[in-house]
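S.K.: Sequence and computational prediction follow.
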Amino acid sequence: MSPCGFKRGIVSKYIIVVTFAVIAIILITSGLIFVNVFCAGASAQEATSPIACTANTLQGTVSVIDMNDNAIFGTVFNISSPTGVAIDANDSRLYVTNGIDNTVTIVDLRSYSAVGTINVGNDPVDIAISPDSHTLYVANYGSNSLSIINVSQNIVNGTVMIGTEPSSIRINPVNGDVYVSSAADSEVWVVRGNTKIATIRAGKWPVKGMAVTPDGSLLFIIDSDNDTVSAFNTTTFNVVNTVSVGNSPDGIDISPDGLYAFIANPGSGNISIMQLSDSSIRVSFRAYSPGAIALRPTDGRMAYILSVPAGNVTAMDSTTGDVKAVFNISATSIRTALVNSNLLVDTIPPVTTMHVTGINDSRGWYIGQAICNLTAIDYPGGADDKNIQYSLDGLNWLQYDGGNITFSTPGEHYVYYRAADSSGNVEHVRSSLVIVESNSSDTTPTPGPATVLPPKPTALPPEDIPSYTPDTAAGQATPASTPVGGFELALAAVGMSVAIFIVYRKYKY
């Protein structure tokens, strides 16, 4: 071998070694990236948050409470006489019974808006969803019936007559059996599919509360007249045990681990905690007139107690009895569920409205002057938002401080306005036209009732108005470059290998 050929051989070997080292590094790196991306995606899909939803009949609203933060995250408005709520965690929807309209309202949890209605029986008072989220069950108090709704089609595909005045529903999480209390008959009907299969006698007076253990083996029914709670076998429907609790018990819920039952006793003003293994009452916490009760479905460490008849909801530490929050929402029922955590991330911008006071003529023009005020509501929470900006006649943005914006010069005045929330959501520019005419009588106008002006349909495009940048702390940082995935890196490694191989073959000899 010539010296030149010997050197080429050494160089070629070095090239091969370096090439395979680079390929190995890239493939390992891409594999790690692929694993990280895969795991991150799985975590995002599996991330859930516990929420409690309350039907607030007097307010015509439904409140969504984040049970981790003990705060009302969202409010659904304009529901006609809401009486019961069911949560479809799989499809991110709420189903709300309307006692006056005899309907069920379908609410999209991503926008907090109604997307449809379903006609049911008379005076629906409670609603529940099957474990597979395919079927809804509605107790129609006024027509003594149970409506069975196909969720995929949003239609009633079955009706079962249920005693007299069915009032509440619980569903077995394991076998899907439906338990419907018949208030006037003091009975609980068991429905499987579209058929009644059993009747459980539950004391002398209307059934106040029911709960099913997580393993589906026991149904607990409260007998308010006898101050007791009875456990029934869900296979034989025979009573297993009866335990005395506080006075006039009302609501009951079972801890997610199936170890404890929490019973609300409005007559004695306390919450009894019963250990299910031996039916002993471990401890009682004071509570003001407690009615329905719901535990946080992740760990049971928080109890949400609905007071009767006021409807306030108290968030209580279920291990210490300490009150963490009180919600004044006139609730009549409460449901809990685990939902996708992304639903509790605010992506909806505020909505700003301009109110104008002054003396109008027949054309709607303002005589002498017009006084304008701006208000903003931040959805889904529904709280007032104070971060409002406005622009007069297309000039620079000004920060609104809550005072009056007064126009006294005759002519047309365009007001542009928008708001931002703490999550970095910025409202699209809205605008209103205010026309002021001269005061020929030279008298000082007296402000009249406020007029809410609708947004002008042809607002200036956003680029014609000075841009608005929210606080960087509230917004989200934009990445400087697009990240490259593991697949792209692996493909690049293969391409490099081919190129090095071609070079090697070319200079080998």
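M.R.: That came in fine, so what should we check first?
S.K.: Poorly predicted segments of the stretch 101-250 of the chain, please.
M.R.: Per-residue confidence of the stretch 101-250 of the chain (counting by pLDDT under 70) places the weak regions at 205.
S.K.: Sketch out the strands for it, chain order is fine.
M.R.: With DSSP state E, counting those that start in this stretch as the definition, the stretch 101-250 of the chain shows strands at residue ranges 103-108, 113-119, 124-129, 135-140, 145-150, 155-161, 166-171, 178-182, 187-192, 195-201, 210-212, 218-223, 228-233, 239-244.
S.K.: Leu374: which of those strands is closest?
M.R.: Set against Leu374 and scored by C-beta to C-beta, the strands of the stretch 101-250 of the chain come closest in strand 113-119, at 23.5 Å. C-betas here are computed from N, CA, C, even on glycine.
S.K.: For that closest one, which strands pair with it and how are they oriented?
M.R.: strand 103-108 (antiparallel) (DSSP bridges).
S.K.: Now do the strand it pairs with: distance to the chain's middle.
M.R.: Relative to the mean C-alpha coordinate of its chain, strand 103-108 is positioned 14 Å out (C-alpha atoms, centre = their mean, to the nearest Å).
S.K.: what's in contact with it?
M.R.: 62, 76, 79-80, 82, 92-98, 113-120, 124, 127, 136, 138, 149, 154 (C-beta atoms under 8 Å, 6 or more residues apart in numbering).
S.K.: same thing but 7 Å
M.R.: Strand 103-108 is touched from outside by 76, 79, 92-98, 113-120, 124, 127, 138, 154, with contacts defined as C-beta atoms under 7 Å, 6 or more residues apart in numbering.
S.K.: just the buried members of the residues you listed?
M.R.: Of all those considered here, the ones buried according to neighbour count by 16 or more other C-beta atoms under 10 Å are 76, 79, 92-98, 114, 118, 120, 124, 127, 138.
S.K.: Identify, from these, the entry nearest to Ala337.
M.R.: Using C-beta to C-beta, Leu94 is the member of those that sits closest to Ala337, with 9.6 Å.
S.K.: for that closest one, what are its contacts?
M.R.: For Leu94, counting by C-beta under 7 Å, 6+ apart, the contacting residues are Cys53, Val62, Val76, Val85, Ile87, Val107, Leu109.
S.K.: Helices of this structure, residue ranges please.
M.R.: The residue ranges that make up the helices of the chain, judged by DSSP state H, are 3-46, 486-507.
S.K.: For those, which has the smallest mean pLDDT value?
M.R.: In terms of average pLDDT, helix 3-46 trails the rest of those, at a mean of 46.
S.K.: separation between the spatially closest residue to Ser423 that is not a sequence neighbour and Gln59?
M.R.: On the basis of C-beta to C-beta, 6 or more residues apart in numbering, the spatially nearest residue to Ser423 that is not a chain neighbour turns out to be Asp346, at 4.0 Å. According to C-beta to C-beta, to the nearest Å, Asp346 stands 22 Å off from Gln59.
S.K.: wouldn't Ile148 be in contact with Thr135 here?
M.R.: Yes: look at Ile148 against Thr135 with C-beta atoms under 7 Å: they come within range, at 6.3 Å.
S.K.: ok, His197 - contacts?
M.R.: Small correction: residue 197 is Ile, not His. Applying C-beta under 7 Å, 6+ apart, one finds that Ile197 lies in contact with Val190.
S.K.: From Asn144, how far out is it?
M.R.: As for Ile197, its distance to Asn144 is 18 Å (criterion: C-beta to C-beta).
S.K.: Outline the domain layout of this protein.
M.R.: Under automatic domain parsing, the residue ranges defining each domain of the chain are 1-46+486-509, 47-344, 351-464.
S.K.: Need the winner for burial among the ones you listed.
M.R.: Across the domains of the chain, the average number of neighbours (mean count of other C-beta atoms under 10 Å) peaks for domain 47-344, which reaches a mean of 19.
S.K.: Show the end-to-end separation of it, please.
M.R.: With C-alpha to C-alpha, to the nearest Å as the measure, the ends of domain 47-344 fall 11 Å from one another.
S.K.: same thing with stretch 223-239?
M.R.: Taking C-alpha to C-alpha as the measure, stretch 223-239 stretches 13 Å from start to finish.
S.K.: residues in contact with it?
M.R.: When contacts are taken as C-beta under 7 Å, 6+ apart, the neighbours of stretch 223-239 outside the stretch itself are 172, 177, 190, 198, 200, 202-205, 208, 216-222, 240-250, 252, 261, 263.
S.K.: go again using 8 Å as the cut-off
M.R.: By C-beta under 8 Å, 6+ apart, the list of residues contacting stretch 223-239 from outside reads 172, 175, 177, 190, 198, 200, 202-206, 208, 212, 216-222, 240-250, 252, 261, 263, 265, 267, 274.
S.K.: hmm, back to that, with distance to Gly291 added, can I get the strands of the stretch 101-250 of the chain in JSON lines?
M.R.: Written out in JSON lines, the entries for the strands of the stretch 101-250 of the chain read as follows (distance: least, C-beta to C-beta, whole Å):
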{"stretch": "strand 103-108", "distance to Gly291": "23"}
{"stretch": "strand 113-119", "distance to Gly291": "27"}
{"stretch": "strand 124-129", "distance to Gly291": "14"}
{"stretch": "strand 135-140", "distance to Gly291": "17"}
{"stretch": "strand 145-150", "distance to Gly291": "23"}
{"stretch": "strand 155-161", "distance to Gly291": "27"}
{"stretch": "strand 166-171", "distance to Gly291": "12"}
{"stretch": "strand 178-182", "distance to Gly291": "15"}
{"stretch": "strand 187-192", "distance to Gly291": "19"}
{"stretch": "strand 195-201", "distance to Gly291": "22"}
{"stretch": "strand 210-212", "distance to Gly291": "14"}
{"stretch": "strand 218-223", "distance to Gly291": "11"}
{"stretch": "strand 228-233", "distance to Gly291": "15"}
{"stretch": "strand 239-244", "distance to Gly291": "19"}
